[in-house]
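Enquirer: whatever this is, show me its structure:
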Amino acid sequence: MPALARRAFILATLVLPLAAFAHSYAQSPGPQVTAPIPAETMPLDTPYAPGAIALTVDLSDVTRRIIQVDETIPVASGELTLFYPKWIPGYHTPAGPISKIGGLTITGKKNAPIAWRRDPVDVFAFHVTVPDGVKELHVAFQYLQPVRAAEGRFTESDSIIDLEWNTVVLYPSGHFARQIRITPTLRLPSADWHIASALDVTKTDGAAVHFATTELNTFIDSPLYAGLHYKRLDLSPDANDPVYLNLFGDSDANITLTPEQIQLHKNLAVQAQKLYASHHYRHYDFLYLISDKVGGVGTEHHESSEDGSKGNYFTDWQGSVPLRDLMAHEYTHSWNGKFRRPADLWTPDFNVVPMQGSLLWVYEGMTQYWGFVLTARSGLRSASDTRDLIAGYAANFDASPGRTWRPLIDTTTQPIISQRNPVSWVSWQRPEDYYTEGLLIWLDADTKIRELSGGKKSLDDFVRLFLGKDSPSVITETYTFDDVVAALNAVQPYDWAGFLHTRVDELAPQTPVDGITRGGYKLSYTDNEPAWRAYYEKSAPAVSFSTSLGFAVAQDGTIGDVWWNSPAYKSDVVPDMHLVAVNDKVFSVQGLRDAVLAAETSKDPVRLTVKRDDDVKVISIDYHGGLRYPTLQRVDGTPDRLDDILAPLP
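Expert: Take a look at the predicted model:
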């Protein structure tokens, strides 16, 4: 074959088939969706016709911390989907602990097994074909509580149980939660155990507790504490506003309060009544565990709250200063978050419609503000200590550059992004700043109203209008951004939409101190540590040097958060290091403080000997700015609006 012909043949046999292949590839339709896509329709606001669910929850297996669940669910024949609650109010995230259930069985007439199929996409959904003639499903499973720290917060010990009802129920899909009825029964470890819950008890029979039939949404919103060591205190401001503090402890000593402590908690209920001039509950029960065995908690509910602190919370009262706003915060949620709730956080059931957090800076941020204010007004924490904590919030923004890239509104998506799990670089990622920056925004708004009105109006007037009502209604009313703006304008006309959009939706790199300034103070720093902080840090899990070196460290030398772009960050200190020595002396928190103070008048760097894995090295931090404890300094000649805000209402 001639060379030219041979070349043509090669092109024909190689290139042309490749071209044909390319053409064929381009025309191929490629993979198609084969996995089933959930097709759940929106639940209907109609009663679940087959009847009320009967639920029995057995808590008797304290040793293994296994809860046995038995349900009888009235049904009609045909296809049925049972849901395990996924979107839990107060968590703002799909946090239903589905991984902790086991042993699910479903039976019909004469205990005949009925097959169930977990949805391959929505793992919280279980599909069942109910045979003809079957009127009830008998559902059984176990809720397997954490027994090791790696599995999550401990919710049970040998003497305390924190039971969230959403963990122990399956419910039929297709209806609003308020249209599904449930009759709960509880079996305690023994008749010696006590309980507290907002649910109504119809009778007790030894270790069995029977509750009144209620709506599913109310049921899930009414958790229960049980325990051997129990005390109930009446905090009611008057007979028309019943409020109770239910204490559960590792021992009786944990829950023994002084007369002064009892009075301070009574003051909280009184000041809340004066602030809100209304309430939206039949009765309110603080459920408070004081324990070193069951994990701390703070979760809001309409007629109760789950609260929990360390075992010496009351007995080491001086060391509890930073923790004392927990009750006021969760109590405020009965008004803001439960009675009034952002429209995109309200859902008709716990599975089909996802929650959205665009107004968490109101839901949580304003609640954080009133938690601080009510704690000060009741005397649970002094005004001076409250100002120190507000200064700490502002100072954290001074030290945290995350506001240069992430607007506050984006942090409201964080519960869904991370399901509230820890992040590595808090000061840069700013995971849930809608709490702390939200507090500063609402302080800004309060002082602005007071300034514009010449002291005649305040944010107190706003919450009475926005959150108040004449009757103790337990029916949620939703709100939008426009509703917030309208209520603010009704109290004091101003460009509140612009005010809020600027602070919430736009990048705002500067520390939000306008409320502090308008309140008559300025943020400043000192080497003198506040007395409450010095005492608290003796036993605190970590001590913060955020405003100086730029990291937090535990008493054992474990380095926690490192602030982005801080002196420590620039010197390659990272959160997983262990601090062994400071300036060639064995590490102690006090030794680190002394080194920072010494560097203030020296040109020598602070030398940290750190261990990471098997490597040990010395890191020199060229820092000479002192300890820089944040404080609010009174500005002479300015109105002392912040002091007015924190003063008790007469």
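
Enquirer: from now on I want contacts and neighbour counts done on CA atoms only, so please keep to that.
Expert: Noted.

Enquirer: can you list the domains in the chain?
Expert: 1-32, 43-228, 340-509, 531-627 (automatic domain parsing).

Enquirer: nearest to Arg641, out of the ones you listed?
Expert: Among the domains of the chain, the nearest to Arg641 by Cα to Cα is domain 340-509 (6.6 Å).

Enquirer: how far away from the center of its chain is that closest one?
Expert: Remark: domain 340-509 is offset 14 Å from the chain centroid, using Cα atoms, centre = their mean, to the nearest Å.

Enquirer: strands along the stretch 301-450 of the chain, start to end?
Expert: Here the stretch 301-450 of the chain has its strands, by DSSP state E, counting those that start in this stretch, at 304-309, 340-342.

Enquirer: need those strands in TSV with distance to Gly392, mean neighbour count and mean pLDDT, can you?
Expert: Below are these laid out as TSV (distance: least, Cα to Cα, whole Å; neighbours: other Cα atoms under 10 Å; pLDDT from 0 to 100):
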stretch	distance to Gly392	mean neighbour count	mean pLDDT
strand 304-309	21	26	97
strand 340-342	28	23	96
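
Enquirer: and Val57, how close does it get to Tyr143?
Expert: Val57 sits at a distance of 10 Å from Tyr143 (criterion: Cα to Cα, to the nearest Å).

Enquirer: please apply the same query to Tyr91.
Expert: For Tyr91, the distance to Tyr143 - Cα to Cα - is 19 Å.

Enquirer: ok so, going back, which one of the strands of the stretch 301-450 of the chain lies nearest to Met355?
Expert: strand 340-342 (10.0 Å).

Enquirer: low-confidence ranges in the stretch 101-250 of the chain?
Expert: Residues of the stretch 101-250 of the chain meeting the criterion pLDDT under 70: none.

Enquirer: then the stretch 401-550 of the chain?
Expert: 470-472.

Enquirer: so where do the helices sit in it?
Expert: In the stretch 401-550 of the chain, the segments counted as helices under DSSP state H, counting those that start in this stretch are 408-411, 414-418, 426-429, 436-452, 459-467, 481-491, 496-504, 514-518, 531-536.

Enquirer: over to the stretch 101-250 of the chain?
Expert: 216-220.

Enquirer: tell me, how many neighbours does Thr63 end up with?
Expert: 10 (other Cα atoms under 10 Å).

Enquirer: could you tell me how many residues sit around the closest residue to it other than its chain neighbours?
Expert: Computed as Cα to Cα, 6 or more residues apart in numbering, the closest residue to Thr63 that is not its neighbour in sequence is Asp158, at 7.0 Å. The number of residues packed near Asp158 is 16, by other Cα under 10 Å.

Enquirer: again with Tyr479
Expert: 17.

Enquirer: excluding chain neighbours, give the residue nearest to it in space.
Expert: In space, Tyr479 is closest to Pro342, 4.9 Å off (Cα to Cα, 6+ apart).

Enquirer: my guess is Ile516 contacts Asp444, does it?
Expert: Yes. The criterion here is Cα atoms under 8 Å, and Ile516 meets it with Asp444 at 7.3 Å.

Enquirer: look at those two and report which has more neighbours.
Expert: Ile516 (25 against 20).

Enquirer: what sits against that one?
Expert: 443-444, 522-523, 642 (Cα atoms under 8 Å, 6 or more residues apart in numbering).

Enquirer: how about Pro575?
Expert: 424, 559-562.

Enquirer: neighbour-wise, which one of those leads?
Expert: Neighbour max across the contacts of Pro575 (other Cα under 10 Å) = Val562, 28 neighbours.

Enquirer: thought that one was touching Val553?
Expert: No. Using Cα under 8 Å, Val562 is not in contact with Val553, being 9.2 Å away.

Enquirer: contacts only, for Glu437.
Expert: 361, 365, 393, 408, 512 are the contacts of Glu437 under Cα under 8 Å, 6+ apart.

Enquirer: ok, Glu215 next?
Expert: Contacts of Glu215 (Cα under 8 Å, 6+ apart): 177-182.

Enquirer: all strands for the stretch 451-600 of the chain, in order.
Expert: 477-479, 521-526, 543-544, 551-553, 559-562, 578-582, 585-586.

Enquirer: counting contacts, what elements does the third one pack onto?
Expert: If I follow you right, that is strand 543-544. Under the contact criterion of 3 or more Cα pairs under 8 Å, 6 or more residues apart in numbering; DSSP states H and E, strand 543-544 touches strand 551-553.

Enquirer: how far away from the center of its chain is the strand it packs on?
Expert: In terms of Cα atoms, centre = their mean, the centre of strand 551-553 is set 23 Å apart from its chain centre.

Enquirer: next one: stretch 94-104
Expert: 19 Å.

Enquirer: mind saving the C-alpha coords of that stretch as CSV?
Expert: C-alpha atoms of stretch 94-104 as CSV (Å, rounded to 0.1, in the frame of the first residue of the first chain):
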residue,chain,number,x,y,z
PRO,A,94,-33.1,18.3,62.6
ALA,A,95,-31.8,17.0,66.0
GLY,A,96,-34.2,14.0,66.6
PRO,A,97,-31.9,11.3,68.0
ILE,A,98,-32.9,8.6,65.5
SER,A,99,-29.6,6.8,65.9
LYS,A,100,-30.5,5.9,69.5
ILE,A,101,-33.6,3.8,68.9
GLY,A,102,-33.4,0.0,68.6
GLY,A,103,-35.6,-3.1,68.6
LEU,A,104,-38.5,-1.7,66.6
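
Enquirer: sorry, back to before: looking at Tyr91 and Tyr143, which is more packed in?
Expert: Tyr143 (22 against 16).

Enquirer: residues touching the more buried one, list them.
Expert: Tyr143 neighbours (Cα under 8 Å, 6+ apart): 66-69, 100-102, 167-168.

Enquirer: okay, Trp317: pLDDT?
Expert: Here the pLDDT value assigned to Trp317 is 96.
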